[in-house]
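*Asks:* Test case, fold it:
(2 chains)
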Amino acid sequence: NAGVMQNPRHLVRRRGQEARLRCSPMKGHSHVYWYRQLPEEGLKFMVYLQKENIIDESGMPKERFSAEFPKEGPSILRIQQVVRGDSAAYFCASSPPRRGKGNTIYFGEGSWLTVV
Amino acid sequence: AQSVTQLGSHVSVSEGALVLLRCNYSSSVPPYLFWYVQYPNQGLQLLLKYTSAATLVKGINGFEAEFKKSETSFHLTKPSAHMSDAAEYFCAVSVSFQKLVFGTGTRLLVSP
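*Replies:* Modelled structure (predicted):
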């Protein structure tokens, strides 16, 4: 059973370009989460999605950032007009449909975005 | 709002010594608590989790943590450190499994 798959692992973008990060959840998982880790900081929640629905986007910056999890295909985190402050590691995580206590969130290996 | 505080951004131990990484939480409702480990340039791996069953939780790689409600703590311990334990450790709290709130992490350094 493959884990949470993220690509690309490393991405370099010039200021003003767009960055697209992809995430395929573990098999059987219908919940996807995106977290951001800035240098020397812990992970910060960005968004929680289920298929075709954004459930909680309270951690998403108001501008330039968007996320989707279509019916078919991976979840996409899109950052438009990137700035140097967007340089960070972006982690995707997934979990199975909730069955009460015991659900675990599994993380991918991350996508490192560098804005030059 | 839930939060966690990890005391000590860096902890250094000798190989074979006791590992103690501190985590205190704040939550207005019974929390779920987690410890994750992150190796350089890698994702997070779950070490263990507390979901209101046994207060002493055993995880992978010989780690364990004890939930102490009176102290609002969930410290991570390992009796004998190994060189391969060198990594960054994150404590996290959740009340719904929908959103984890992470601490700022503790980097564990293990010397021979």
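*Asks:* The residue nearest the centre of chain B: what secondary structure?
*Replies:* Closest to where the C-alpha atoms of chain B average out (Cα atoms, centre = their mean) is residue B:35, at 3.7 Å. Three-state assignment for residue B:35 (DSSP: H, G, I helix; E, B strand; the rest coil): strand.
*Asks:* Does the nearest residue to it once chain neighbours are set aside fall in a helix, a strand, or a coil region?
*Replies:* In space, residue B:35 comes closest to residue B:47 once its chain neighbours are excluded; the distance is 4.3 Å by Cβ to Cβ, 6 or more residues apart in numbering or on different chains. In short, each C-beta sits where N, CA and C put it, glycine included. Recorded secondary structure, residue B:47: strand (three-state DSSP).
*Asks:* what sits against the residue nearest to the centre of chain B?
*Replies:* Going by Cβ atoms under 8 Å, 6 or more residues apart in numbering or on different chains, residue B:35 touches B:21, B:23, B:46-49, B:59, B:63, B:65, B:74, B:76, B:89-92.
*Asks:* Tell me which of those fall in helices.
*Replies:* The helices in this structure, assigned by DSSP state H, contain none of the contacts of residue B:35.
*Asks:* Can you tell me which of these is nearest residue A:89?
*Replies:* residue B:90 (12.8 Å; Cβ to Cβ).
*Asks:* Any residues of chain B in contact with chain A? List them.
*Replies:* For chain B, the residues found near chain A under the criterion Cβ under 8 Å from any Cβ of the partner chain are B:32, B:36, B:41-46, B:49, B:51-52, B:90, B:97-105.
*Asks:* Sort out for me which of those residues are in strands.
*Replies:* Counting by DSSP state E, the residues of chain B next to chain A place B:32, B:36, B:44-46, B:49, B:90, B:101-102 in strands.
*Asks:* Would you mind giving the residues you listed as JSON lines with neighbour count and pLDDT added?
*Replies:* Formatted as JSON lines, the entries for these read as follows, by neighbours: other Cβ atoms under 10 Å in any protein chain shown; pLDDT from 0 to 100:
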{"residue": "B:32", "neighbour count": "21", "pLDDT": "88"}
{"residue": "B:36", "neighbour count": "25", "pLDDT": "95"}
{"residue": "B:44", "neighbour count": "28", "pLDDT": "89"}
{"residue": "B:45", "neighbour count": "17", "pLDDT": "92"}
{"residue": "B:46", "neighbour count": "16", "pLDDT": "92"}
{"residue": "B:49", "neighbour count": "22", "pLDDT": "91"}
{"residue": "B:90", "neighbour count": "25", "pLDDT": "95"}
{"residue": "B:101", "neighbour count": "21", "pLDDT": "90"}
{"residue": "B:102", "neighbour count": "23", "pLDDT": "92"}
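*Asks:* And the residues you listed, which two are furthest apart?
*Replies:* Taking Cβ to Cβ as the measure, these have their most distant pair in B:45 and B:101, spaced 18.4 Å apart.
*Asks:* what ranges do the strands span in chain A?
*Replies:* Taking DSSP E, the strands of chain A run over residues A:5-7, A:10-13, A:19-24, A:31-37, A:43-50, A:53-56, A:65-68, A:75-79, A:88-95, A:106-107, A:111-115.
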